[in-house]
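In: Structure for this input, please:
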Amino acid sequence: GTGRLMAAQGASPKERNPFPFSHLCADFHPPDAPADIVHIAELYGKADRFEEMVVCLNKLVDINPRLDERSRNLLSVAYSGVTAPRRNACRVMRSVQSSRSEPKTTADRQAKMLKDSVKKLETELTEVCQHVCSRLEALLPHAEDEVATIFYLKMKGDYHRYYAETTIGGPAEELQKTLALDAYNEAHQLVLEHLAPNHPLRLGVALNFSVFYYEILKSPDRSCTLAKQAFDDAVQCNTGEATGHLRRWPSAVAEWLRVEAADPFGKPGPAPGARSARAARGRNRSRKRRGTSGYACGAARIPYAERAGHGARTETGPGRGDVR
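Out: From the prediction side, this is the model:
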């Protein structure tokens, strides 16, 4: 795909696929030493300056594509911080587009303005996804172990999923669905073979894969079955980093998958909207207790300190990385 096109054009991926929004921080120049690059990337992450963070980590990858766990997590946080607000913007604009009912005298002109705005936002998101997927293809051969391979495959599935969101009804939709499904399937097979049921990265793959089934493939039964199986397997293990999060899984999965009427684990669900409001209050209390900064990701703001730690946290739940 992208790599073959670049080769045909006689350019390297690095030359042909720079970070699309590097012009937003054109005056920013990362340090040269890898340790200094990681340090400054963490500082910019705490300040929610994700474009600079991406520039730092791209330079780190160019120096040495064999990233350690700390650098992988920073890479995931940086790209998620750049992608999430654009995904949210696309969703909002599409929602407005589908609910407009202006008088005929203004409808045509305003509809065109709205259509152009949606197209611009989708183009921005597409460019980011193309860039991230290209980077991941270059990083996968340098993965230091199975955990790193799973981490990259999960990210690859995520960003092809985001790409598919921008191509609904278009010729590229099926291609992006297939690429995302292949990446998630490969990651899921590896986690079953190499990771414990309560490993945060295994939980993250299961949750993201279930979101993909629900939102992209429109298969809620398969989605909830996959999430429930991961939960049931994990609760058999009463030790490990993920244990503290497991109690929140049933309600959390229902929220992520937008199942308001009933919990996918068989419990009665709250009234529509009640779960989202309660979850938002809980996130606000959590941020106040930790005193950490957060950033938008999907419908939630996840404290940076939680996302930049060990393992692979998902966008909305157990495991550290970027999800949903």
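
In: Only C-alpha atoms from now on, for both contacts and neighbour counts.
Out: Fine.

In: Can you tell me the closest non-neighbouring residue to residue 214?
Out: Ranked by CA to CA, 6 or more residues apart in numbering and with sequence neighbours excluded, the top spatial neighbour of residue 214 is residue 220, at 4.8 Å.

In: Could I get the contacting residues of residue 126?
Out: Going by CA atoms under 8 Å, 6 or more residues apart in numbering, residue 126 touches 163, 166.

In: That one falls within a helix, correct?
Out: Yes. Secondary structure assignment places residue 126 in a helix (DSSP: H, G, I helix; E, B strand; the rest coil).

In: quick revisit: any idea how far the residue nearest to residue 214 lies from residue 109?
Out: According to CA to CA, to the nearest Å, residue 220 stands 38 Å off from residue 109.

In: can you check residue 141 too?
Out: As it turns out, when the distance is counted by CA to CA, residue 141 lies 50 Å from residue 109.

In: Over to residue 25?
Out: The span separating residue 25 from residue 109 equals 35 Å under the rule CA to CA.

In: Compare residue 220 and residue 109 (neighbour count), which wins?
Out: Between residue 220 and residue 109, residue 220 has the larger neighbour count (other CA atoms under 10 Å), namely 19 against 11.

In: Show me which residues of stretch 231-238 are buried.
Out: With burial defined by 16 or more other CA atoms under 10 Å, the residues of stretch 231-238 counted as buried are 231, 234.

In: State the mean pLDDT of that stretch.
Out: Here stretch 231-238 scores 82 as its mean pLDDT.

In: Next, the contact list for residue 56, please.
Out: The neighbours of residue 56, taking CA under 8 Å, 6+ apart as the test, are 30, 37, 38, 40, 41.

In: Report the lowest-confidence entry in these.
Out: Across the set of the contacts of residue 56, residue 30 stands lowest in pLDDT, at 88.

In: Give me the three-state assignment for that one.
Out: Here residue 30 takes the coil state, with states given by three-state DSSP.

In: quick one, what contacts it?
Out: When contacts are counted by CA under 8 Å, 6+ apart, residue 30 touches 37, 40, 55, 56, 59.

In: Does the third one lie in a helix or a strand, and which?
Out: Right, residue 55. Taking DSSP states H and E as the definition, one finds residue 55 inside helix 50-63.

In: now that helix: mean pLDDT?
Out: Along helix 50-63, the predicted confidence averages to a pLDDT of 92.

In: which helices and strands does the next helix-or-strand element following that helix pack with?
Out: Moving toward the C-terminus from helix 50-63, the next helix or strand (DSSP H and E) is helix 69-98. Helix 69-98 sits against helix 34-46, helix 50-63, helix 104-139, helix 146-165, strand 294-297, with contacts defined as 3 or more CA pairs under 8 Å, 6 or more residues apart in numbering; DSSP states H and E.

In: re earlier: and the residue nearest to residue 214, what's its pLDDT?
Out: At residue 220 the predicted local distance difference test score is 88.

In: Is it correct that it is in contact with residue 209?
Out: No. Shown here, residue 220 and residue 209 do not form a contact pair, counting by CA atoms under 8 Å, at 11.6 Å.

In: ok, residue 210 - contacts?
Out: Applying CA under 8 Å, 6+ apart, one finds that residue 210 lies in contact with 222, 223, 224, 226, 227.

In: again with residue 33
Out: Residues in contact with residue 33, defined by CA under 8 Å, 6+ apart, are absent; none qualify.

In: For the contacts of residue 30, which entry has the maximal number of neighbours?
Out: The most neighbours, when those are compared by other CA under 10 Å, belong to residue 56, which has 28 neighbours.

In: Brilliant, that's me finished.
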